[in-house]
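Novice: what follows is a protein structure lacking sequence information:
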C-alpha cells in the first residue's frame, strides 16, 4: 500500500553557500554543452547517446498506463485541462511530452543536464548570467521556428502566472533578454540558489505567438502548440488522453533523444477507483502498471493472463530517495500548533501491526525526509552538522542535538499501551485535559481530527489509527470527497490531516522552499501542507540550496532533516526501495536501465514479436 502517484518536484533540485555555481572550468566564461550542480559531467561534448538507451530501438506500437507521478496541477484520477503549469484546473497526463526545454536530465547522473533546444550555454564569471545559444533547427509542431523570444515569453509567463511550484522558485530570475533569435540571456539575483539555472533550463517552452491571443491561466482542452516529441491526440476528459508521436519531430536525432520516444502513441487511462483500475489492467485495457498496494501485489496476480505468463511481475531497485509519504498535520489549525500534540497523534499509529496484518510485511517505516539516501540524518550530529546547528541552538528543540528522531517501534499488538500512555502524557504536557471520553485543548475546545482524502485505499490503515486516537479521547473521522473538491480544499489548506507523498531528488533545492519554507506556508497551492514556518528551517534550506560541494550539501541536508523530524509535522508512513511493476509482455527495454529513474516510457519500446506471442498484436 502506498500513496500511489507522487507529487514530483519539477526538477531534481537547487542550491550555493556563495552565489557562484560551480561549473567545469570550460563553462565559466566559455560555452559548455552541459550543466551540473557541482561541475561534474559524465558525457563529453561529442557524445552520441546516453549509455542507458538502445540507439537502435524500434519505433511503433503503443504504451498504455495510468499516471504514476504528478507535477503542477495534475491529479491522478481525473483531468479537465491541458495546461498543467498553472494552479487552475486538474491537468492531463503526458503534457510535458509535448514541450521541449533548453536542456534535459541525464538519468544516470545525480543532477547533470545536456542541451536540447540549447546547443550550448555560457556562464559569466560571477555565475549570475547564463547565455544560451539555441539550435537553429528547433521548430514548433506547425513548422514555425522556435526562437529566443519564445523562451523569454515562456519564462515570463511562468514567473508571473505559473503554478506556485514554479513561480515561487523563479523569483530570483531577475532578467530575461532575447538578444536575437538564437540567443537568450538570463540574469539571476545575487545569492540565488545553486541550481536555479538548472531548474530554469528544464522548464517547458511555449509559443509566444500562440499565447499572444490566449489566456495562459485559463483551463482549456484546446491542444497547445508545442515543439516536443509528442502532441495531443484523442482524449475524453476524466477518462483518457492519447499523445501521438510527432513523425517529423525536429530533435529526434539529437544525442539527448537518440533511442528515446519510441512509441507511436502513449495513452493514459483515468479511474476514480483503484479496484476498477486493477480490473481494467487485468482485462488488458492498459498494459503497464506500477503496483502501489501491497495486498494486491501479494494476492491479486492470480488471474489467467498472469498465470499464463502474458502478464509479468518485476521488482526493479530504486536508488532514489523514497519520498515523504505520510499524514500531514495542518499546523495552521489550532489543534496542531503544539508539537507535543502532533507527536501524541503520531504515537497512535501502529505501523508494525498495520504492516504485518494489512500490508504483508512489505514495507519499512519511514523516519527521514530524505529516506533511502545519504542525505538522511542518523546517530548524533557530526561536527559539520553541529557547525550549522549550534548558532540556532536557542531556537531548536534539545533533541536535535541528540540521536536523530525516529518513530518508535510498537509491540505489534495494534494497541501498544506504552505508546498510548506516552501520548496521553504528551497531551497533558501540552495543557490538554480529559473530560469523560473527550480530550480538550488548552482553549477548552475538543481535540477533533478529520482525515481528508479522495480515495478509500488508506481506510484499512486509517481506521485502526482512528480507533487508537479514540482510546485516548481524540475524536477522529474520515472525509472522502470527489477529486475536484479534494484538490480545491488542499490548495486552500482547508483540511486537518491529509495523505501526500512528495518526491525529492538526489540534489534537493528550490522544492525544499516550496514544501517546507515559511513563504510557501501562506501561498495557496504550495506543497507546504503542514504550514511549516520556521526561521531555522528556512536558514537550513538555504544552506542546502547554497552548498558549493556535494559534501557540504549532504551535511546541510542532514541538519535540516534533524530539525524537520523534531517538528513532528507529519505522521510518517512507509517506503520500499524498489518499483513493483506488472506488465503485459509487449515491451522491450535496454538491459541496463538508468540509475536514477525507470526511464519509462521514454527509453522503452513496443516489441512486436512479444506482442504476437501473447496475442496482443
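Specialist: Here it is on my side, so go on. Since the model is a prediction, treat every value here as computed from it, not as a measurement.
Novice: longest helix of the protein?
Specialist: In the chain, taking DSSP state H as the definition, the longest helix is helix 550-566.
Novice: quick one: contacts of that helix?
Specialist: 15, 17, 37-38, 339, 367-370, 374-377, 381-382, 384-385, 388-389, 396-397, 399-400, 404-406, 507-508, 512, 516, 532, 534, 536-537, 540-541, 543-544, 547 (C-beta atoms under 8 Å, 6 or more residues apart in numbering). Glycine gets a C-beta too; all of them are placed from N, C-alpha and C.
Novice: quick one: mean pLDDT for that helix?
Specialist: When pLDDT is averaged along helix 550-566, the result is 97.
Novice: for stretch 228-239, same thing?
Specialist: 98.
Novice: quick check, distance from that stretch to the centre of its chain.
Specialist: 22 Å (C-alpha atoms, centre = their mean, to the nearest Å).
Novice: what ranges does the stretch 101-250 of the chain have for its strands?
Specialist: Along the stretch 101-250 of the chain, the segments classed as strands by DSSP state E, counting those that start in this stretch run 103-105, 113-115, 118-123, 129-134, 173-180, 183-188, 230-236, 240-245.
Novice: the closest residue to residue 348 other than its chain neighbours: helix or strand, and which one exactly?
Specialist: Excluding the flanking residues, the one nearest residue 348 by C-beta to C-beta, 6 or more residues apart in numbering is residue 468, at 3.9 Å. Assigned by DSSP states H and E, residue 468 belongs to helix 459-471.
Novice: and that helix, what does it pack onto?
Specialist: When contacts are defined as 3 or more C-beta pairs under 8 Å, 6 or more residues apart in numbering; DSSP states H and E, helix 459-471 sits against helix 351-358, strand 448-453, strand 475-480.
Novice: pull out the buried residues from stretch 411-423.
Specialist: By neighbour count on 16 or more other C-beta atoms under 10 Å, the buried set for stretch 411-423 is 416, 419-420, 423.
Novice: what does that stretch contact?
Specialist: Contact partners of stretch 411-423, identified using C-beta under 8 Å, 6+ apart, comprise 343-345, 347-348, 350, 352-353, 356-357, 408, 410, 464, 468, 471-472.
Novice: re earlier: filter the contacts of helix 550-566 to the buried ones?
Specialist: Among these, those buried by neighbour count (16+ other C-beta under 10 Å) are 15, 17, 37-38, 339, 367-370, 375-377, 381, 385, 388-389, 396-397, 400, 404-405, 507-508, 512, 516, 532, 534, 536-537, 540-541, 543-544, 547.
Novice: so of these, which ones are in helices?
Specialist: Using DSSP H, the buried ones among the contacts of helix 550-566 in helices are 339, 385, 388-389, 512, 516, 536-537, 540-541, 543-544.
Novice: look up how far residue 89 lies from the residue nearest to residue 543 when sequence neighbours are not counted.
Specialist: Once flanking residues are discounted, residue 543 sits nearest to residue 556: 3.9 Å by C-beta to C-beta, 6+ apart. Per C-beta to C-beta, to the nearest Å, residue 556 is found 36 Å from residue 89.
Novice: likewise residue 578?
Specialist: For residue 578 relative to residue 89 (C-beta to C-beta), the value is 34 Å.
Novice: ok, the two, which is more surrounded?
Specialist: residue 89 (23 against 14; other C-beta atoms under 10 Å).
Novice: quick one: low-confidence ranges for this structure?
Specialist: 1-29 (pLDDT under 70).
Novice: ok, now which ones touch residue 250?
Specialist: 137-139, 227.
Novice: closest to residue 317 among these?
Specialist: Residue 317 lies nearest to residue 227 out of the contacts of residue 250, by C-beta to C-beta, at 34.4 Å.
Novice: secondary structure class for residue 281?
Specialist: Applying DSSP: H, G, I helix; E, B strand; the rest coil to residue 281 yields a three-state assignment of helix.
Novice: residue 582 is in contact with that one, correct?
Specialist: Yes - counting by C-beta atoms under 8 Å, residue 281 does reach residue 582; the two are 7.0 Å apart.
Novice: tell me, what's touching those two both at once?
Specialist: Residues touching both residue 281 and residue 582 by C-beta under 8 Å, 6+ apart: residue 289.
Novice: closest one of the contacts of residue 250 to residue 184?
Specialist: Nearest to residue 184 among the contacts of residue 250, with distances taken as C-beta to C-beta, is residue 138, at 11.9 Å.
Novice: quick one: the closest residue to the closest one other than its chain neighbours and residue 102, what's the gap?
Specialist: In space, and not counting its chain neighbours, residue 138 is closest to residue 146: 4.1 Å by C-beta to C-beta, 6+ apart. To residue 102, residue 146 is 11 Å away according to C-beta to C-beta.
Novice: out of these two, which sits in the busier spot?
Specialist: residue 102 (27 against 24).
Novice: who's residue 120 bridged to?
Specialist: On the basis of DSSP bridges, residue 120 is bridged to residue 133.
Novice: which residues touch it?
Specialist: 31-33, 132-133.
Novice: I'd like the distance between it and residue 105.
Specialist: Residue 120 sits 17 Å away from residue 105, going by C-beta to C-beta.
Novice: same thing with residue 56?
Specialist: Distance from residue 56 to residue 105, by C-beta to C-beta: 23 Å.
Novice: possible to save the contacts of residue 120 as TSV with neighbour count and distance to residue 251?
Specialist: As requested, the contacts of residue 120 are exported to TSV (neighbours: other C-beta atoms under 10 Å; distance: C-beta to C-beta, whole Å):
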residue	neighbour count	distance to residue 251
31	15	19
32	21	19
33	23	15
132	25	15
133	18	15
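Novice: from those, which is closest to residue 307?
Specialist: Comparing the contacts of residue 120 against residue 307 with C-beta to C-beta places residue 33 closest, at 49.9 Å.
Novice: excluding covalently adjacent residues, which one is nearest to the closest one?
Specialist: Closest residue to residue 33 apart from its sequence neighbours, by C-beta to C-beta, 6+ apart: residue 45 at 4.4 Å.
Novice: can you tell me the element that neighbour falls in?
Specialist: In this structure, residue 45 is located outside every helix and strand according to DSSP H and E.
Novice: number of residues surrounding it?
Specialist: For residue 45, using other C-beta under 10 Å, the count is 14.
Novice: go on, residue 538?
Specialist: Under the neighbour criterion other C-beta under 10 Å, residue 538 is assigned a count of 16.
Novice: can you check residue 264 too?
Specialist: If we define neighbours as other C-beta under 10 Å, then residue 264 has 15 of them.
Novice: wouldn't it be in contact with residue 61 here?
Specialist: Yes - contact status for residue 264 versus residue 61: in contact at 6.2 Å, counting by C-beta under 8 Å.
Novice: list residues touching both of those two?
Specialist: residue 606.
Novice: burial of residue 101, as a residue count?
Specialist: Neighbours around residue 101, by other C-beta under 10 Å: 23.
Novice: my bad, should have said residue 174
Specialist: 14.
Novice: got it, and the one 5 residues further on?
Specialist: One way to gauge burial is a neighbour count; for residue 179, by other C-beta under 10 Å, it gives 13.
Novice: need the nearest residue in space to residue 94, chain neighbours excluded.
Specialist: residue 243 (4.7 Å).
Novice: contacts only, for the one you found.
Specialist: Residue 243 makes contact with 94, 97-98, 230-233, 265-267, according to C-beta under 8 Å, 6+ apart.
Novice: which single one of the residues you listed is nearest to residue 501?
Specialist: Among those, residue 94 lies closest to residue 501 (C-beta to C-beta), at 20.4 Å.
Novice: pretty sure the closest one is touching residue 240, no?
Specialist: No - judged on C-beta under 8 Å, residue 94 makes no contact with residue 240 at a distance of 10.7 Å.
Novice: quick one: which of these two has more around it?
Specialist: When residue 94 and residue 240 are compared for neighbours, residue 94 comes out ahead with 24 against 19, by other C-beta under 10 Å.
Novice: picking that back up, the longest helix of the chain to helix 535-545, inter-axis angle?
Specialist: Inter-element angle recorded for helix 550-566 and helix 535-545: 150 degrees (by axes from the mean of the first three to the mean of the last three C-alpha atoms, to 10 degrees).
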